[in-house]
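In: need a 3D model of the sequence below.
(one chain, ligands or ions: 1)
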Amino acid sequence: MNKWGFMEKALEDLKKSSLYRTVIPLEGPQSAYVTYEGRKLLMLASNAYLDLCDDPRIKEYTIEVIKRYGTGSGGSRLTTGTTELHVRLEKALARFKGREAALVFNTGFAANTGILPAVCQEGGVIFSDEMNHASIIDGCHLAKAKTVVYRHNDMADLERKTLREWRESGRKGEDFFGLVVSDGVFSMDGDIVNLPELIRVTEKYGLLSMIDEAHSVGVLGKHGRGVEEHFHMEGSVDILMGTLSKAFGSEGGYVCGSDTLISYLRNKARSFIFSTSLSPATIAAALRAVELLEAEPQRTARLQENVRWFCQCLKEQGMDVWSETAVIPIRIGDEGKAAQVSRRLLEQGYYISAIRYPTVKKGQAILRAALMSAHTKEDLRRAAKAIAEAVRME
Ligand SMILES: *Cc1c(COP(=O)(O)O)cnc(C)c1O
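Out: All right, here's what the predicted structure looks like:
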């Protein structure tokens, strides 16, 4: 008898289908260039879009905070784990997103798996885009409400399914009927949610709207405030969720909204209540990053300019690529080929991820280029050429 047999077999299967994952340990900070096995690589895979993981002002402030507050937070947020820094960060996030209040979770993953089950109660419905992030999918699984998946960014399909559920629902007065949840910028394809139509549907049927801004804050809008600013629809989304781990260069998740929503989640979201809060240092880094982004919207403008430039360079190399966000998918298809191209580029000094099943559908592997405000045009031109050549050679 071998009680580990099922694991060994699963690992064998992953290896056979080029889906086995390993890690690449970096030796230094996350920035436009990183060090791996003593070599410098151009980083084209990081979510640190605004290059805030290695910012001297943030590091200095964080070191100061460690000296004053120490390391761990010692408890969950509702016991001993709230410092005045946690409260200041929540105020800063609410201000930045133009909302009454905000709540910080330990990760974006914890935010989604906390918010959805707290809000979406039995008898109600969650309408979820088929391309939503894994943490939203898991949040839906944890919720007592029924989940209805609609076709990717297809608002006609959403409305059709809403109408069907509306007719079937025996909704009474103040009971929860439903919530629509979508990534603001989809994490693998980099496309943007059709917010005007999504909000039209949610308003028509009295649904709550929830947008995950993990890849839109710092990236979209004149001031990097995300999807609402991009569409000039400030104030339209009910539940604005996001992460502090990407453009903000720290760690943590957050949600912004009305006082009612935030007080409710503070009392009901289990991933908020039953987990030790983030350390003061992590909170400090996020707080300083929010302040920096408020003061320096040109970081976002530089990132947007890099996106236009990189897409143009890839087109000149004969590649059919388009994106309005920092996530730029380069379609490959075969998992083995995608892994091989990524490996070849790594040897040549470019770090770019091959994204495979289950993150994307089987047979639809992509190279996922992620840009930073810190990339130079020369970096990006060189990278576009190397990518095109590597794709041609495989
Ligand atoms: C990364 C990501 C998350 C999770 O955020 P973490 O802070 O990394 O846990 C949630 N949603 C989306 C769309 C993401 O891309």
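
In: residues contacting residue 122?
Out: For residue 122, the contact set (Cβ atoms under 8 Å, 6 or more residues apart in numbering) comprises 144-145. (Glycine included, C-beta is placed from N, CA and C.)

In: can you tell me the closest non-neighbouring residue to the closest residue to the ligand within the stretch 101-250 of the chain?
Out: Nearest residue of the stretch 101-250 of the chain to the ligand (Cβ to the nearest ligand atom) works out as residue 108 at 2.2 Å. Nearest residue to residue 108, sequence neighbours excluded (Cβ to Cβ, 6 or more residues apart in numbering): residue 243, at 3.3 Å.

In: who in this structure is up against the ligand?
Out: For the chain, the contact set with the ligand under Cβ under 6 Å from any ligand atom comprises 107-109, 112, 133, 135, 183, 187, 212, 214-215, 243, 245, 253.

In: same thing but 8 Å
Out: By Cβ under 8 Å from any ligand atom, the part of the chain that sits against the ligand consists of 47, 107-112, 132-136, 183-187, 212, 214-215, 241, 243-246, 251-253.

In: quick check on the residues you listed: which are buried?
Out: Applying a neighbour-count criterion of 16 or more other Cβ atoms under 10 Å, the buried members of the residues of the chain next to the ligand are 47, 107-112, 132-133, 135-136, 183-187, 212, 214-215, 241, 243-246, 251-253.

In: before we move on, back to that, right, and the residue of the stretch 101-250 of the chain closest to the ligand touches residue 241 too?
Out: Yes: under the criterion of Cβ atoms under 8 Å, residue 108 is in contact with residue 241, at a separation of 7.3 Å.

In: is residue 254 in a helix, a strand, or coil?
Out: When classified by DSSP: H, G, I helix; E, B strand; the rest coil, residue 254 comes out as strand.

In: tell me the contacts of residue 208?
Out: Applying Cβ under 8 Å, 6+ apart as the definition, the contact partners of residue 208 turn out to be 119, 178-180, 202, 238-239.

In: what's opposite it in the beta bridge?
Out: For residue 208, the residues forming beta bridges with it (DSSP bridges) are residue 179.

In: next one, pLDDT for it please.
Out: At residue 208 the predicted local confidence, pLDDT, stands at 98.

In: and for residue 175?
Out: According to the prediction, residue 175 has pLDDT 82.

In: what of residue 169?
Out: Residue 169 carries a pLDDT value of 77.

In: ok, and the closest non-adjacent residue to it?
Out: By the measure of Cβ to Cβ, 6+ apart, the closest residue to residue 169 outside its immediate chain neighbours is residue 177, 6.0 Å from it.

In: my guess is the one you found contacts residue 126. True?
Out: No: counting by Cβ under 8 Å, no contact exists between residue 177 and residue 126, whose distance comes to 10.9 Å.

In: the two: which has the busier surroundings?
Out: residue 126 (24 against 20; other Cβ atoms under 10 Å).

In: so the more buried one lies in a strand, does it not?
Out: Yes: when three-state DSSP is applied, residue 126 is found to be in a strand.

In: where in this protein is pLDDT low?
Out: Across the chain, the stretches falling below the confidence threshold (pLDDT under 70) are 170-172.

In: return the subset of the buried ones among the residues of the chain next to the ligand lying in strands.
Out: Filtering those for membership in strands, criterion DSSP state E, returns 183, 212, 241, 243, 253.

In: if we can go back for a sec, tell me the contacts of the residue nearest to residue 169?
Out: Contact criterion Cβ under 8 Å, 6+ apart gives 124-125, 166, 169, 171, 205-207 as the residues in contact with residue 177.

In: I'd guessed residue 69 sits against residue 81; true?
Out: No: the criterion here is Cβ under 8 Å, and residue 69 misses it with residue 81 at 11.8 Å.

In: and for the closest residue to residue 307 other than its chain neighbours, the neighbour number?
Out: Counting by Cβ to Cβ, 6+ apart, residue 307 lies nearest to residue 371, which is 5.8 Å off, once chain neighbours are set aside. Look at residue 371: counted by other Cβ under 10 Å, it has 30 neighbours.

In: so residue 371 versus the ligand, what's the distance?
Out: Between residue 371 and the ligand the distance is 15 Å, computed by Cβ to the nearest ligand atom, to the nearest Å.

In: now the strands for the stretch 201-350 of the chain?
Out: When secondary structure is read from DSSP state E, counting those that start in this stretch, the stretch 201-350 of the chain shows strands at 208-212, 239-243, 253-257, 327-333, 350-351.

In: which elements pack onto the fourth one?
Out: Using 3 or more Cβ pairs under 8 Å, 6 or more residues apart in numbering; DSSP states H and E as the contact test, the elements touching strand 327-333 are helix 298-316, strand 365-370, helix 377-393.

In: quick check: angle from it to strand 365-370?
Out: Relative orientation of strand 327-333 with respect to strand 365-370: 160 degrees, computed using axes from the mean of the first three to the mean of the last three Cα atoms, to 10 degrees.

In: so what touches strand 327-333?
Out: For strand 327-333, the external contacting residues (Cβ under 8 Å, 6+ apart) are 185-190, 215, 307, 310-311, 314, 319-321, 323, 338, 341, 354-355, 363-371, 387, 391.

In: now the buried members of those.
Out: 185-190, 215, 307, 310-311, 314, 319, 321, 323, 338, 341, 354-355, 364-371, 387, 391.

In: look up how far residue 247 lies from the closest residue to residue 315 other than its chain neighbours.
Out: In space, not counting the residues next to it along the chain, residue 315 is nearest to residue 321; the distance is 6.6 Å by Cβ to Cβ, 6+ apart. Between residue 321 and residue 247 the distance is 22 Å, computed by Cβ to Cβ, to the nearest Å.

In: residue 316 too?
Out: With distances taken as Cβ to Cβ, residue 316 is found 28 Å from residue 247.
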